[in-house]
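1. Turn this into a structure:
(chains A and B)
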Amino acid sequence: MKSRSLNRNARKNFLTYGLVIAAYAVLQTITVTGSISSSLKGMLVPICAYVVMAVSLNLTVGVLGELSLGHAGFMSVGAFTGVTAAMALQNAVPYPALRLLIGMVVGSIFAAIAGVLIGIPVLRLKGDYLAIVTLAFGEIIKSIVNNLYVGVDEHGLQLSLLTNKLALAEGGKIIINGPMGITTIEKLSTFTAGFLLVMLTLFIVFNLVNSRSGRAIMAIRDNRIAAESVGVNVVKYRLMAFVTSAALAGAAGTLFAMNYSTIIANKFDFNTSILVLVFVVLGGLGNMLGSIIAAAALTVLPEMLRSLQDYRMLIYAIILILVMIVTNNPLLRGYIDRLFGNLRRKKAPVQAQEGGDGHA
Amino acid sequence: MKHTARKMLTFVMALTLLVSLCSVFALADDGAFKVGGTGPLTGGAAIYGNAAMNGAQIAVDEINAEGGIQFELKYEDDSHDAEKAVNAYNALKDWGMQISLGSVTSAPANATSAENFADHIFALTPSASAPTVIDGKDNVFQMCFLDYPTQGGASAQYISSMGLAEKVGIIWKNDEDYSTGLRNSFVDKAAELDLEIVAESTFAAGNDTDFTVQLTEMQNAGADLVFLPMYYQPASLILSQAAAMGYEPKWFGVDGMDGILTMEGFDPALAEGVMLLTPFNADSDDPATVAFVEKYQQLYDEIPNQFAADAYDCIYAYKQALEAAEATPDMTAEELNDLMIEQFTTMTFDGLTGTGMTWDETGAVSKGAHGCVIENGAYVGLD
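-> Just a heads-up that it's a prediction; the model follows:
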């Protein structure tokens, strides 16, 4: 009887949770039994990080309806602040998992602060203007981190800009070294941590979208003037979606950075922002499951194409174009719909039995 | 909307199948050591990666033709990016890599060397010169002659002792580890030697196509020598834009400049008179170098740069070490790792890029540097 009260959205959300858990269970099983290839094993954490990036950007682009071209900037803020926190606490907190958690929390807090700072002036803009400002934001973050020097010693953290003026006491170590980035990261990220972050992200995003606030956000997306006229506080709700998205990207940044022994600011450039945007657009605006699948598939794809050697990136581009054409071609869509239609008809009686008295 | 994702999944799964069908499974004969390396085979630093791959391949072909020890070489593309380098490294591990050539450029090498250390797979990088690549890793060694803190200083020393210039200008890339490190050590050494630096100007990724501002600054300050601590791509633009505005100082480059002559679409005449420090002289009379240059030209239609020579030396150094240790190809990567550490810290190696090379326990090599000048489209030794 319970399933009857669930609406279409809720069913889809549970399907998303279920698929993520199933994927985790399958991958974890083959990892434990040792039959996983090193190549795939090395990509598990980056996939989780990109999935979180894609889902969080989908909140801005799909649900809020604003084009953001600087999502990698939040990832960068999260990566550098989170790793700095985790490294500074190396002696104070003995548990690696706890340090990773603290790193992620710190990373998301700083990314959220960056989100508020940029959001207050920027969210008063519309459309293209917002895209341009977020693009600039990503570049500014890159420039700042490239000129930032951070070290830690017994007196605490020390900062210096432009040139390395740090005077560290005996036993101190440099954490962020300007354009060299961070070179001595302790690799704390695990697939399980990545999975938990993906689940948390989905939980936050789904609950936000299905709440009163979420409906207000979508009302603003669909018609700002109408929403304002019924008393929806436009700035507040837009900021809410934008900052949530930034905070999640920050946590993803920490997760991503702590999977490698080194991270540089130039990694989080315009190309990375566009890559995440491609995941969102290919997966479907507002479609979280689509974002997850697109992020995972497009991260794995270039690696599967390694056997094609020099033609690898060429083929990758062709595949991207093909996917876009296929998912938008009415003829092919009709064909695929018929294919799935058959499957659905076969499934239908089973569902009816489960549902008991059936519903229209 | 609901089924878009499902459709995509089917499509991607179909592709996966197609690709796995297409991939050719190279069956290795049991008698060869599997050597793997990552490098930028595509993108902005591709000349380095391809040169290293070609150089190593020539050495492998020569050694295999002799009989005796056999090698199988595989290079994977990392596009000069740490994330992709780790992916490439993992792909090589799946292939069965026993000993590694690390990564060609510094930023990816920082990431892969940590993996090498964790997995106990021995690495000898041809050209990743950052000190952090070998720092704290007992099984990562370098073939390149100088890490950049000393290379910048050596350049200043060379300019000062040869009396090349009175007023020096520097253009550097301030968002790149390599360039910043070189500039800092150059400036420190210049202060020590009373070499006057009259102008400094910077650029960063994203605004590295128009250098008129930087060049005008150099010109106004009256710099008669401009130090260019950077990779060949921006350097090629600086040279052509300076020529267009009629500014003709002496140019002094670093090992990243090596490769500029073979860059597609670059007029080698613009690089006439550029000086740089390099461990490898393609015009040397040394018979081994002559043979290597000839073979490289025949196969790839280019004059080899130091990256090719470094990678060539890497393979021969491996040959010498494996023979001395009496290693066999059926050993695991971990067994070879211990043997190689033992050999490399004790052996002396003569190659194209230097004679009497030795390695200390940190993995750094000791060998000399030559000044080199570009004349008539070729590198010519200064001394």
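2. Please tell me the pLDDT value assigned to the residue in the stretch 251-383 of chain B that chain A sits nearest to.
-> Closest approach between the stretch 251-383 of chain B and chain A, counting by Cβ to the nearest Cβ: B:A333, at 11.9 Å. Every residue, glycine included, has its C-beta placed from N, CA and C. pLDDT for B:A333: 83.
3. Verify the stated contact: it with B:I121.
-> Yes - taking contacts as Cβ atoms under 8 Å, B:A333 lies within contact range of B:I121: 4.7 Å.
4. what's the overlap in contacts for those two?
-> B:M97, B:Q98, B:I99 (Cβ atoms under 8 Å, 6 or more residues apart in numbering or on different chains).
5. So which of these sit within strands?
-> Among the shared contacts of B:A333 and B:I121, the members falling in strands (DSSP state E) are B:I99.
6. Top of the shared contacts of B:A333 and B:I121 by number of neighbours, please.
-> B:I99 (27 neighbours; other Cβ atoms under 10 Å in any protein chain shown).
7. what are the ranges of the helices in chain A?
-> A:2-5, A:8-32, A:38-58, A:71-88, A:96-122, A:128-146, A:191-209, A:212-222, A:224-229, A:234-257, A:270-283, A:288-304, A:312-328, A:330-355 (DSSP state H).
8. okay, which residue is most central for the chain?
-> By default, I'm working from chain A. Closest residue to the average C-alpha location of chain A: A:M53 at 1.2 Å, with Cα atoms, centre = their mean.
9. You answered for a different chain; I wanted chain B.
-> For chain B, the residue nearest the mean C-alpha position is B:S127 (3.4 Å; Cα atoms, centre = their mean).
10. how about it, secondary structure?
-> The three-state label given to B:S127 by DSSP: H, G, I helix; E, B strand; the rest coil is coil.
11. residues in contact with the nearest residue to it once chain neighbours are set aside?
-> Counting by Cβ to Cβ, 6 or more residues apart in numbering or on different chains, B:S127 lies nearest to B:C144, which is 4.7 Å off, once chain neighbours are set aside. Neighbour list for B:C144: B:T125, B:P126, B:S127, B:A128, B:S129, B:D255, B:P279, B:D310, B:V365 [criterion: Cβ under 8 Å, 6+ apart].
12. before we move on, the earlier item: dump the residue contacts of the residue nearest to the centre of chain B.
-> Counted by Cβ under 8 Å, 6+ apart, B:S127 has contacts B:Y48, B:A52, B:V104, B:T105, B:M143, B:C144, B:D255, B:Q306, B:F307, B:D310, B:A311.
13. and the third one, how many neighbours does it have?
-> Going back to what we said before, that points to B:V104. Neighbours of B:V104 (other Cβ under 10 Å): 31.
14. doesn't B:P126 make contact with it?
-> Yes - using Cβ under 8 Å, B:V104 is in contact with B:P126, at 6.4 Å.
15. Which neighbours do these two have in common?
-> With Cβ under 8 Å, 6+ apart as the test, B:V104 and B:P126 both reach B:G37, B:A52, B:F307, B:A311.
16. before we move on, which element is the second one in?
-> Of the helices and strands defined by DSSP states H and E, B:A52 is found in helix B:46-65.
17. and the helix or strand just after that helix, which residues are buried?
-> Later in the chain than helix B:46-65, the nearest helix or strand by DSSP H and E is strand B:70-77. Across strand B:70-77, burial judged by 16 or more other Cβ atoms under 10 Å in any protein chain shown covers B:Q70, B:F71, B:E72, B:L73, B:K74, B:Y75, B:E76, B:D77.
18. which of the shared contacts of B:A333 and B:I121 lies closest to chain A?
-> Lowest distance from chain A to those (Cβ to the nearest Cβ) belongs to B:M97, with 9.8 Å.
19. Go through the helices of chain A and pick out the most buried.
-> helix A:71-88 (a mean of 28; mean count of other Cβ atoms under 10 Å in any protein chain shown).
20. Wondering if it reaches chain B at all.
-> No - remark: helix A:71-88 sits outside contact range of chain B, by Cβ under 8 Å from any Cβ of the partner chain, the gap being at least 12.0 Å.
21. Dump that helix to PDB, keeping only the CA atoms.
-> In PDB, the C-alpha atoms belonging to helix A:71-88 read as follows (Å, rounded to 0.1, in the frame of the first residue of the first chain):
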ATOM      1  CA  HIS A  71      32.200  25.500 -10.600                       C
ATOM      2  CA  ALA A  72      35.800  24.200 -10.500                       C
ATOM      3  CA  GLY A  73      36.600  27.400  -8.600                       C
ATOM      4  CA  PHE A  74      34.600  26.100  -5.600                       C
ATOM      5  CA  MET A  75      36.200  22.700  -6.000                       C
ATOM      6  CA  SER A  76      39.600  24.400  -5.900                       C
ATOM      7  CA  VAL A  77      38.700  26.400  -2.700                       C
ATOM      8  CA  GLY A  78      37.500  23.100  -1.100                       C
ATOM      9  CA  ALA A  79      40.600  21.200  -2.200                       C
ATOM     10  CA  PHE A  80      43.200  23.600  -0.900                       C
ATOM     11  CA  THR A  81      41.400  24.600   2.400                       C
ATOM     12  CA  GLY A  82      40.400  21.000   3.100                       C
ATOM     13  CA  VAL A  83      43.800  19.500   2.400                       C
ATOM     14  CA  THR A  84      45.500  22.300   4.500                       C
ATOM     15  CA  ALA A  85      43.200  21.600   7.400                       C
ATOM     16  CA  ALA A  86      43.800  17.800   7.200                       C
ATOM     17  CA  MET A  87      47.600  18.300   7.000                       C
ATOM     18  CA  ALA A  88      47.700  20.900   9.800                       C
END
